[in-house]
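> Model the following, please.
(one chain, ligands or ions: 1)
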Amino acid sequence: MSPTLRTRIACTVYPSPRAAALAVADELRVRLAGYPSLVLGLPTGNTPVPFYQELIRLHRASLLSLAQATSFNLDEYLGLAPGDPRSFRAWMQAQLFSQVDLPANRTHLPDPVEPAAAAEESRRYELLIREAGGVDWMLLGIGRNGHIGFNEPGSPRTSRTRLVELEAKTIADAAKTFGGEQHVPRRAITMGIGTILEARAIRVMAFGSAKAEIVQRALTGEPTELVPASLLAGHADVRFLLDTESARLLSQ
Ligand code: GLP
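Just a heads-up that it's a prediction; the model follows:
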């Protein structure tokens, strides 16, 4: 069990990313057992991979079913062709959707439309979330610059789903997937910070020493739009799940 840390946002430190991922997956298993029609908010990235693997394991062992659940992903790149293997839709399909019983018509991501259609697509997405009754349980990762979803530094606390321009750091981090920075889309649609804050419960995973500095700023600094994850501080049910490396700059 982790020591009690002096942070503005509740956090638990696990010995490894896998231990944290198992704990988050177990929380979701218990929630789904009590309320099968849960509405989930889901992230992409390296961070949630062990979590998705554990969901698949639990599903195969008949310990977890998503048959009545609904999912909304945080974000999607713009300007990719539908079905592009580098899209977040394709990534989610490979990492989770194709391997669990979540019905295909209840897995939602923003469509990778052309930028001119982004405002309309953003409104559609917000409406879909509202019609589903809002997000019950939202899982997030955090970018090295503190972004959540693709809400880059400077994103307003009240922002809704919208078109965003990606920062250089974010583009650099995505370069490997796209075979070079020049191929990374410059724009995306993301749920806004206001949209994320309306989720009833929020869990944030951050692993590895490359995240230690931003974790420290997000958890111990004054909440500021310059560190989007720090804006989670006002939420009634939010928790960070860290490994020892991402927590190394937090003082006890
Ligand atoms: C991506 C996603 C975020 C994710 C973040 C961290 O760009 N839009 O939702 O949390 O970057 O990625 P990783 O988990 O690979 O460090």
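> all contacts plus neighbour counts: C-alpha atoms, from now on.
Fine.
> in which helix or strand would I find the spatially closest residue to G143 that is not a sequence neighbour?
Spatial nearest neighbour of G143, chain neighbours left out: T170 (7.4 Å); criterion: Cα to Cα, 6 or more residues apart in numbering. Following DSSP states H and E, one finds T170 within helix 168-178.
> ok, the following helix or strand past that helix near the ligand or not?
Next along the chain after helix 168-178, taking DSSP H and E as the criterion, comes strand 187-190. No. Judged by Cα under 6 Å from any ligand atom, strand 187-190 makes no contact with the ligand; its nearest approach is 8.0 Å.
> what sits against the residue in the stretch 51-200 of the chain that the ligand sits nearest to?
Scanning the stretch 51-200 of the chain for the residue nearest the ligand gives G141, at 3.3 Å (criterion: Cα to the nearest ligand atom). Shown in contact with G141 (Cα atoms under 8 Å, 6 or more residues apart in numbering): 43-45, 47-48, 148-149, 204-206.
> next one: G83
The neighbours of G83, taking Cα under 8 Å, 6+ apart as the test, are 89-90.
> cutoff 10 Å now
89-90, 112 (Cα atoms under 10 Å, 6 or more residues apart in numbering).
> Kindly report the same for L109.
Shown in contact with L109 (Cα under 10 Å, 6+ apart): 42, 71-76, 88-89, 92, 125, 189-191.
> Now intersect those with the strands, please.
42, 71-73, 75-76, 189-190 (DSSP state E).
> on that earlier part again, so which of the contacts of G141 reach the ligand?
Near the ligand, judged by Cα under 6 Å from any ligand atom, the entries from the contacts of G141 are 43-45, 47, 148-149.
> got the residues of the protein near the ligand?
So the chain meets the ligand at 43-47, 140-143, 148-150 (Cα under 6 Å from any ligand atom).
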